[in-house]
Structure formats: structure tokens, C-alpha cells
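Novice: the sequence and its predicted three-dimensional model are supplied below.
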Amino acid sequence: MIYKYLFSFLILVCLLGSCSPSTKDESGQDFTYRADSVLSLMTLEEKLGQLNLPAAGDITTGQAESSNIAEKIKQGKVGGLFNLKSATKIREVQRIAVEESRLKIPLLFGMDVIHGYETLFPIPLGLSSSWDMELVEKSARIAAIEASADGINWTFSPMVDVSRDPRWGRVSEGNGEDPFLGAQIAKAMVKGYQGDDLTLENTIMACVKHFALYGAPEAGRDYNSVDMSRQRMFNEYFLPYKAAVEAGVGTVMTSFNDIDGIPASGNKWLMTDLLRDQWGFNGFVVTDYTAINEMIDHGMGNLQEVSAMALKAGVEMDMVGEGFLTTLEKSFEEGKISQNQIDEAVRRILIAKFKLGLFDDPYKYADPERSKRDVFNAEHRKIAREIASQTFVLLKNEGNILPIKRESTIALVGPMADNKENMAGTWSVAGKFDKAISLREGLENAVGDKAKVVYARGSNITSDSILESRVSIFGKPTYRDERSEEEMIKEALAVAKNADVIIAAMGESAEMSGEASSRSDIEIPENQRNLMKALLKTGKPVIMVMFTGRPLAIKWESENVPAILNVWFAGSEAGDAIADVLFGDVNPSGKLTATFPQNVGQVPIFYNHKNTGRPLPEGEWFQKFRSNYLDVSNDPLYPFGFGLSYTSFEYSDVKLSAAALEGEQKLTASIELKNTGKFDGAEVVQLYVRDMVGSITRPVKELKGFQKVKLKAGESKTITFELTNEDLKFYNYDIDFVFEPGEFEVMIGGNSRDVKSAKINWK
């Protein structure tokens, strides 16, 4: 094939040229040697071109050959493109790079493949609620298979930002509030995307983001400043990023926020001292969208100054801003950056392209036939349905209203009841929204001719038309109804009149959470609550199916609605998966990975907080001169790890293998778990530890292990965890990772609040 001849001269140089010392990967391939061979042939302009990552722009609508970007590609001024979709288009653009540019260097093609490609899985916050790492990895594996078949070789995922503030819109895109769980998910996602061999045609390069601390913005407002101690960074926020690096993630994306007063994209301590020197990261760093340019508004200088700052900090690729492309040559000529700094950045990008096998076959990811076979196929959709059903969290089930019977007449109402475009949730750029299964369709599929489903809209997402217009974007309309609130409620009541049960599909629309979708009010909108009040007055059993991309403050609903099933945004197969759970074909087993507050005034609220010098005594609501509120208890509405089942589980007392241990001895902690209900079910057994005395203040509890256990009705099983002193280490005042001997409390339970405990002295 022609591309083999186009690259033959590069291979020849690799064999004969004089290059820097080699660095081999696990398979012995000498990627550094090859990269340096290409690097030695490049002009300064071509080197800077490799650092440039523009968006696909007009290529998505016009012919690739005639686009503005095409000319830059021919001139060697582009290292990669992102958000260009389809194998045919990507193949044509790659052809321009490898046949019409001077050095024939292939391009990277990236995309925000966040929770699936065309087959969409639940949003990451929902996926994390499965607590099932096999399913998490499988979702990423399928996403990689589909994306790679359509020409994509790089995904900007996983996002592993720890967040304790549900006002922040991008909490939907992460894994919740716990660093330990987030680290397990980070590893599973990287493995799912990259597999064991990046040269295989169905694997893609992952990008962990956003480095770092992006999930802790002041006031929960996206892109805002982040300020915290180094102890908090290392103990509470860094672990998932580090886990992704240890799992071999190929790239890291910078965050928008500042850290210690220096924006992440220009922060040398973060990108070089920590990421590379301490953690040993050997891939390349890419900025987020125009993040280098945005350092100007941070007050760090003009475009030339901030671009040089980013390069020297350890950033290799500039997304969209073109500061590297347009200013680094001048900075080099003025002695503000060095040849070595430029070469090191280019080298890392070339190595990534060699690892992906692009120099051997630049078209390997652009196979239209494989795309037809592997993208959005029946098998992937079946798995997406199964995975989605494992992520739903049953928050309330008063009187065992759920599961419902198929013989019932079911009234389905609410603004999310018949809106397939919003099933995907946020950051689903490649999805086929019109092919998704709505809740209405899912219920009708499930009942067939055995029951009757009657429908009324009941309300809009919100009565505020301006607010609704802000969240009706990215191909996900809310279909605003111009009738009055009273008219829509009247219609809903008429539909509900002869029904046996009412399902109210309420909450957020897809883009009410996500990037630039922070909210100061995280309650159910008032007009939806008015609909719910009217439905409850009928006296009929009401089930709220809640769509959300964040923890919501649903205290009123929790107190008044008999049953609440939180379904997040479940992806392509949402409606069928929700029906599976509502009718009891699947017993819900999801558990919250983010605390639900009683009201927004409690935010930030999270389980692994520290004690104060004046803690409120357990079981108390209020005491003067204690750490509490006048108007609300300290308790969350629903704690981290919480989730009900159609069955019930009984935990025995915690049994420890020893009362005292020394050094590197192992501790075994176990409980007997019994399914005491009438349904087979799965329970997420959670292990927490508290360090009772430390050289710095320590959290009241920290997650250190979990197991998802399936039990038949009446079945019992012994669940065992092992701990070593390595599991009890933390970063002390001097940021040394240490184990401090002393007393520890070991807790096991079905959520972070309801636990059984025992103590151990560890010397």
C-alpha cells in the first residue's frame, strides 16, 4: 500500500540516523529512537505544528481538501484534530497529512468520547453508582471499539475530578466525592480504552482530566478559582489522577483553574515536578479548550508570555488556541524558551503516534466497513441496557410500591417521560439521540398488550422560559409546551384518574448539568413540584422516576413521595433499562457516589469530612456552641453509598482476625451478609476505616474497600476484606506518605452511615 512507501524513508533514518539514547516500551519497541529520527528531519515550523491541536471546524460540513485546516495540514502546522466524526472524513483528512505534507507525519484524531460513542452508557456519575469495575471497564471497551472503527484514536476521558459540590455542573461527568472509588474507576476506564496493546486497531489512547483539582471551584461555579492546602490535594483529590498515570494513561489534560495562584496550564510544579518527576508520567500533556489563551484573563501576561509559560511548565499540545503555533518561534528567537524544550514536547507527541501504530498504518482507525459492523450494533445496545439497569439508585420505596405489576393501568406523566433526545445526558457528542429509547417507549415495550400506558406531559422542565432556552442545546430540545401550568396539570390528572399507579418522570433535562451548567438552586423546579403535589392528592400510588446529572436537594419529595428511583441519564437504552427495574426484571443495586444534601445551604457536604473541636454529639440535632446549623440538621438527605433494593440485607457484627497487629502484618475484617427478603439481589458491601489519632487531623471515615455481592433470597455469605498498613498510609504535614501506628476503627456496612464497627491497635 502507498503509505508504507511514504514512511519507508523515515524507517530508514530510524535505522541509520544518529539519535538520542533509546527508551523501549514493554514489547521492546524503540519509540524514542524512532521519534528522534523523525524529529531530526523537522523544521522549527513543523515542530511547532505538531504541538497544535485545532478543532475540526469547517471540515465537518465541507470537503476536507478545501478547508482552511487542510492547508495548515499540508504545511505541517497541525499535530491532530478533534471532534471530526466518520471514518470516511477522517480517512480523507489523514490522507492529506500523509500524502500531501512534506514529512508525511500522521495526525491524531481525538473526540470527547465520555460515556460511550454512538452506543451511549449512563453518564459517568451514574456509571460510578454501579460500583462494578467490570461493567465500568466494559463500557469503555465498547466505546473504544466503536470510536476506533469510526476513525478516532484518542479520547478525552476519563474525567476523574473529585467533587463535593453538586452546584458544579460537571459533577455529572465525574465519579463523585470519594478518591478511593474514583481511583478504581480511573484504572478501569484507562484499561477499557487502551487495553493491553495500543497498536491494536480497536484500542484508543485515553486522556485523564482535568489536571488538577477542577472539581473544587469556589461557589461551585465552573472554571472558578481553586484554593486548598497541599495536604488536602494529596489526601483527598490527587489519588484518581495518580491511579490513571499508574495504569499507563497515554495523555493528561490540564484544568482551567489556578492552583496556588498559578493556572494549571502554566504550573510547572504540577505538570513537571509532580506529574513527571514524582509520578513518572511519560505521555504528553494537552491543554483543555483555549486554556493557554485564558491565562491572559487570569492575569499571567500576553499570548506570547503565557504560551512560553505553558511550554516551560510541561505542556506539549495546545488545544485550539494556537498560541504555540503563532508565538513560540518568536520566544525561541528571543531566548525565552530553548530548543530542548520544543524538541521534548514534539518527541512526546511523536512517541504517542508510534505507540498507536500510526506510522505503520495511518488509516488503521478509518475503516468504513468496520464502522458499519461495530458501531451502534445490537450487541452493544444490549450491553448498554444491562449496564444502565445496574446504575439506578432506589432512594425510597414506601409500602413496597415497587416493583409494579404489568397488569396495571399506568399513568405516565412529566416533562422527561417522552423525550428520547434527553436520555443521553450531557457530553454525548457522537450519540444518536433520535435512536434512544424514551421512558414512554420503554414502558410500552415492557407491557405489550398486558397493561395500558396512558401519557400526559404534565409540566415543562421549568416555568422559566429563559432558563429552559439555556438548557435546550446540543441537539437535546426540551420541547417546551406553551400551555399554562394549570392546563397541563389538569390534563395529567385526567390521565391519572383511571390509572392504578402513577409514574412521574421529573428532574433535570440533559444539559441542566454538565460543562458551564452550574446551578445555585438544586431543587426540583417549582412547576414540577406543583404537578407532583396534584398527583399525590389523587391518593394513588406515585413513583418518581428522577432524571438528574447531580445530587439534588429533594427533601420535600423524600418526605412526601412514596417511591423514588434515581435513574441519572442512562444513555441509548434508558427507557428499556428503567422499565426492567420498575417491573422487577432487574432488582436495583446502585449506590450513591455523591452525598445528597437536604438543602443547598449544606453544600459542600460529603461523608469523609474531618471532625471539629466542637463536634455535634451523635444523634443530636442542635446544641449551642457546637458545629451545626440553627435551621437544619447536619445530616445528609441520603448519605454516600446509600441505595435500597427490592430485597433486604442483614449485616452481622464485624469480625477482625486480631485485636492488635505490628508492621506489615495483614488484617482480615469480615461480616456475615444475609439476604433476608423475598427477591434475589446484589449488595455493595463497603469497608471504611478511621485513623483515631494522627499527626494531622484525619477524616471521620475513609472508604478502603468494597465488594458487590449477589445473593439469592434467604442466602448468606461471609464477606472478607484484607488490609495492610499500606492501606492506612496518608500524606502528613510534610507531604511524606507515611503509616502512623495507633488505634483504627474498621467499619463495614451498606452505606457510609449505617455501619458495624470494631477497633484494632496497629503498631
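Specialist: Yep, that arrived.

Novice: which stretches of the chain have low pLDDT?
Specialist: The model of the chain has pLDDT under 70 over residues 1-29, 57-67.

Novice: domain boundaries for it, per the record?
Specialist: Listed domain ranges for the chain are 390-593, 649-762 (source: automatic domain parsing).

Novice: deepest in the core, which of the ones you listed is it.
Specialist: Among the domains of the chain, the stretch with the highest mean neighbour count (mean count of other C-beta atoms under 10 Å) is domain 390-593, at a mean of 21. C-beta: built from backbone N, CA, C; applies to glycine.

Novice: hang on, the earlier thing: residue 110: which of the domains of the chain is closest?
Specialist: Residue 110 sits nearest to domain 390-593 of all the domains of the chain, at 11.3 Å, using C-beta to C-beta.

Novice: mind checking the domains of the chain for the one nearest to residue 620?
Specialist: Distance to residue 620, taken as C-beta to C-beta, is lowest for domain 649-762 among the domains of the chain, at 15.1 Å.

Novice: from the middle of its chain, how far away would the closest one be?
Specialist: Centroid separation for domain 649-762 versus its chain: 26 Å, with C-alpha atoms, centre = their mean, to the nearest Å.

Novice: assumed residue 148 was part of a helix.
Specialist: Yes - counting by DSSP: H, G, I helix; E, B strand; the rest coil, residue 148 is found in a helix.

Novice: surely it touches residue 203?
Specialist: Yes - using C-beta atoms under 8 Å, residue 148 is in contact with residue 203, at 6.7 Å.

Novice: the two: who's more crowded?
Specialist: Taking other C-beta atoms under 10 Å, residue 148 and residue 203 do not tie; residue 148 has more neighbours (31 against 22).

Novice: for the more buried one, what are its contacts?
Specialist: Going by C-beta atoms under 8 Å, 6 or more residues apart in numbering, residue 148 touches 201-204, 365.

Novice: which element is residue 361 on?
Specialist: Assigned by DSSP states H and E, residue 361 falls within no helix or strand.

Novice: so residue 342 sits right up against residue 45, yeah?
Specialist: No - Residue 342 lies out of contact with residue 45 (C-beta under 8 Å); the separation is 11.1 Å.

Novice: okay, the two: which has more neighbours?
Specialist: Using other C-beta under 10 Å, the more surrounded residue of residue 342 and residue 45 is residue 342, with 24 against 12.

Novice: how many neighbouring residues does the residue nearest to the more buried one when sequence neighbours are not counted have?
Specialist: Closest residue to residue 342 apart from its sequence neighbours, by C-beta to C-beta, 6 or more residues apart in numbering: residue 47 at 5.6 Å. Residue neighbour count, defined by other C-beta under 10 Å, stands at 24 for residue 47.

Novice: out of the contacts of residue 148, flag the one nearest to residue 615.
Specialist: Nearest to residue 615, judged by C-beta to C-beta, of these is residue 204 at 47.7 Å.

Novice: for the closest one, the count of nearby residues, please.
Specialist: 32.

Novice: isn't it up against residue 156?
Specialist: No - Residue 204 lies out of contact with residue 156 (C-beta under 8 Å); the separation is 10.7 Å.

Novice: shared neighbours, those two?
Specialist: Contact criterion C-beta under 8 Å, 6+ apart; residues shared by residue 204 and residue 156: residue 113.

Novice: ok, residue 252 - contacts?
Specialist: 207-209, 211, 241, 244-245, 275, 281, 283-286.

Novice: same check, this time on residue 177
Specialist: Applying C-beta under 8 Å, 6+ apart to residue 177 gives the contacts 162-164, 593-595, 606-608, 640.

Novice: residues in contact with stretch 440-456: which ones?
Specialist: Contact partners of stretch 440-456, identified using C-beta under 8 Å, 6+ apart, comprise 405-413, 417-418, 420, 437, 488, 491-492, 494-496, 498-499, 503, 574-580, 582-583, 585.

Novice: now the domains of the chain in TSV, with distance to residue 95?
Specialist: Supplementary listing: these in TSV, determined by distance: least, C-beta to C-beta, whole Å:
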stretch	distance to residue 95
domain 390-593	22
domain 649-762	47
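
Novice: how about the ones you listed, which one is nearest residue 296?
Specialist: Closest among these, once you apply C-beta to C-beta, is domain 390-593, at 19.4 Å.

Novice: dump the residue contacts of residue 502.
Specialist: Counting by C-beta under 8 Å, 6+ apart, residue 502 touches 410-411, 413, 496, 535, 538, 540-543.

Novice: in helices, which of those fall?
Specialist: 496, 535 (DSSP state H).

Novice: including distance to residue 741, could the contacts of residue 502 go into JSON lines?
Specialist: Compiled in JSON lines, those are given as follows (distance: C-beta to C-beta, whole Å):
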{"residue": "410", "distance to residue 741": "59"}
{"residue": "411", "distance to residue 741": "61"}
{"residue": "413", "distance to residue 741": "59"}
{"residue": "496", "distance to residue 741": "63"}
{"residue": "535", "distance to residue 741": "58"}
{"residue": "538", "distance to residue 741": "62"}
{"residue": "540", "distance to residue 741": "60"}
{"residue": "541", "distance to residue 741": "55"}
{"residue": "542", "distance to residue 741": "54"}
{"residue": "543", "distance to residue 741": "51"}
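
Novice: list just the nearest of the contacts of residue 502 to residue 555.
Specialist: Using C-beta to C-beta, residue 542 comes nearest to residue 555 of the contacts of residue 502, at 16.8 Å.

Novice: give the contact list for the closest one.
Specialist: Contact partners of residue 542, counting by C-beta under 8 Å, 6+ apart, are 501-502, 504, 532, 535-536, 561-563.
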